[in-house]
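In: Need the 3D shape of this:
(chains A and B)
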Amino acid sequence: QKEVEQDPGPLSVPEGAIVSLNCTYSNSAFQYFMWYRQYSRKGPELLMYTYSSGNKEDGRFTAQVDKSSKYISLFIRDSQPSDSATYLCAMSPQRADSWGKLQFGAGTQVVVTP
Amino acid sequence: ETGVTQSPTHLIKTRGQQVTLRCSSQSGHNTVSWYQQALGQGPQFIFQYYREEENGRGNFPPRFSGLQFPNYSSELNVNALELDDSALYLCASSFWGQNYGYTFGSGTRLTVV
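Out: Modelled structure (predicted):
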């Protein structure tokens, strides 16, 4: 079983809809939770990060972490065709021997249709 | 402020050959991590370099090795290439001790035939 599970999709939504993405994980030591966006033929770009549990909002993006359920979510409001990309969740423990070692999900491909 | 740059962008090698991939860190960053991303998968951690020494390694064999230079740029070397080494290789830079906020390059697409 992988430490981080993420539905690969594809997830197709009409323009203006809310995109809902999620990941589950098994390692209770994870403390940092990140969402990256990756366009085709590009490297991952950090969208948001959260430390421990709670919600975080940045413009059209909202990240949620539920450590009790080992479940994280990313919501994209008012989705645009330019949001079409692969979204990767990533996690890391707060330990010196884990610095730099992000554990990624497989990524969910999102397609926003005009 | 410059981001992370990687070279080359694409590479085709024959099984058994050796390859060197290069990475220039984002300005101000002192730590470099390398990741392998197979098609349809998330990136997998290979190793991290800080102060020119390997500091942390993922589940990759010793034929994957690296270097970090005084200007914080880095190389990834892979010996005895196998077909399964075909992937996108990503370099990420950060500050030492940071658990988040890594800046990734666009990667090198390696194809082993």
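In: any idea how far the closest residue to A:Ser28 other than its chain neighbours lies from A:Gly100?
Out: In this structure, A:Ser28 finds its nearest non-sequential neighbour in A:Lys70, 7.1 Å apart by C-beta to C-beta, 6 or more residues apart in numbering or on different chains. In this view, the C-beta of every residue, glycine as well, is placed from N, C-alpha and C. Going from A:Lys70 to A:Gly100 by C-beta to C-beta, to the nearest Å gives 23 Å.
In: Tell me which of these two has more neighbours.
Out: The neighbour comparison of A:Lys70 against A:Gly100 (other C-beta atoms under 10 Å in any protein chain shown) goes to A:Gly100, with 27 against 17.
In: Spell out which parts of chain B neighbour chain A.
Out: Contact residues, chain B versus chain A (C-beta under 8 Å from any C-beta of the partner chain): B:4, B:31, B:33, B:35, B:40-45, B:48, B:55-56, B:58, B:90, B:92, B:94, B:96-107, B:109.
In: what pLDDT does residue 48 get?
Out: If you meant another chain, say so; for now it's chain A. A:Met48 carries a pLDDT score of 92 in this model.
In: meant chain B actually
Out: We have a pLDDT of 92 for B:Gln48.
In: Show me what the residue most central in space within chain B bridges to in the sheet.
Out: Chain B has B:Trp34 as the residue nearest its centroid, 3.2 Å off, counting by C-alpha atoms, centre = their mean. As for beta bridges, B:Trp34 partners with B:Phe47, B:Cys91 under DSSP bridges.
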